[in-house]
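*Asks:* A structural model of the following input is requested.
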Amino acid sequence: MSTLNPAEIRKLKKLADDGDSEAAWTLAMHYGRERESTLFNEHVTRAAELGLLEAQVILAVGNSCMSTGIRMEEDEVFSEHMVREARYWTHKVSTDHGAEGKFELAKAYISTAEASEANKQGEAVQLLKEAANEGHTQAMRWLWERQSSM
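*Replies:* Numbering: from 1, shown residues only. The predicted model follows:
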């Protein structure tokens, strides 16, 4: 994707302000490529607040992974804030998007470097089980493949 020009950015900001989650997401991806972390975070959060599944998953998994790294640096107050944010977005994904949201969260946890932690793997498996119990066929397949490879 090419870099957005100022006119496109203004148009997307207006659309995002009017409630267009895809516009907010496009801005987030633009600022992510430009290494503008503050603006990236702002627009990912906006897209998530507008209900975009991908943005909500990024916030749930990203905050969870960050809380682990921050805990290692012994900043317990900030770590607990990140844990609360991760829990909020995990709950939001699960309630707003049901089985599909749980499946996407599980995939994201599995694909992160943090998935090597036992608690992240356990959380991913639990989300897969919940999604499978709600009839999500891809989650059922992932669980079956995981069990057959053990």
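
*Asks:* for the chain, give me the ranges with low pLDDT.
*Replies:* Confidence mapping of the chain against pLDDT under 70 gives the ranges 1-2, 68-75, 113-119, 150.

*Asks:* buried ones in the lengthiest helix in it?
*Replies:* Ranked by residue count and defined by DSSP state H, the top helix of the chain is helix 76-111. Neighbour-count burial for helix 76-111 flags 79, 82-83, 85-86, 89-90, 92-94, 97, 99-110 (criterion: 16 or more other CB atoms under 10 Å). To be clear about C-beta, it is placed using only N, CA and C from the backbone, and glycine gets the same treatment.

*Asks:* for Ala47, give me its contacts.
*Replies:* Ala16, Ser21, Glu22, Ala24, Trp25, Ala28, Glu54, Ala55 (CB atoms under 8 Å, 6 or more residues apart in numbering).

*Asks:* then the one helix or strand it maps to to CSV, C-alphas only?
*Replies:* Element membership for Ala47, per DSSP states H and E: helix 37-49. The C-alpha trace of helix 37-49 is given here as CSV (Å, rounded to 0.1, in the frame of the first residue of the first chain):
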residue,chain,number,x,y,z
SER,A,37,3.4,5.0,17.2
THR,A,38,1.2,7.6,19.0
LEU,A,39,-1.0,8.2,16.0
PHE,A,40,-1.0,4.4,15.2
ASN,A,41,-2.3,3.7,18.8
GLU,A,42,-4.8,6.5,18.6
HIS,A,43,-6.4,5.2,15.4
VAL,A,44,-6.2,1.5,16.3
THR,A,45,-8.1,2.4,19.5
ARG,A,46,-10.6,4.4,17.5
ALA,A,47,-11.2,1.5,15.1
ALA,A,48,-11.6,-0.9,18.1
GLU,A,49,-14.0,1.4,19.8
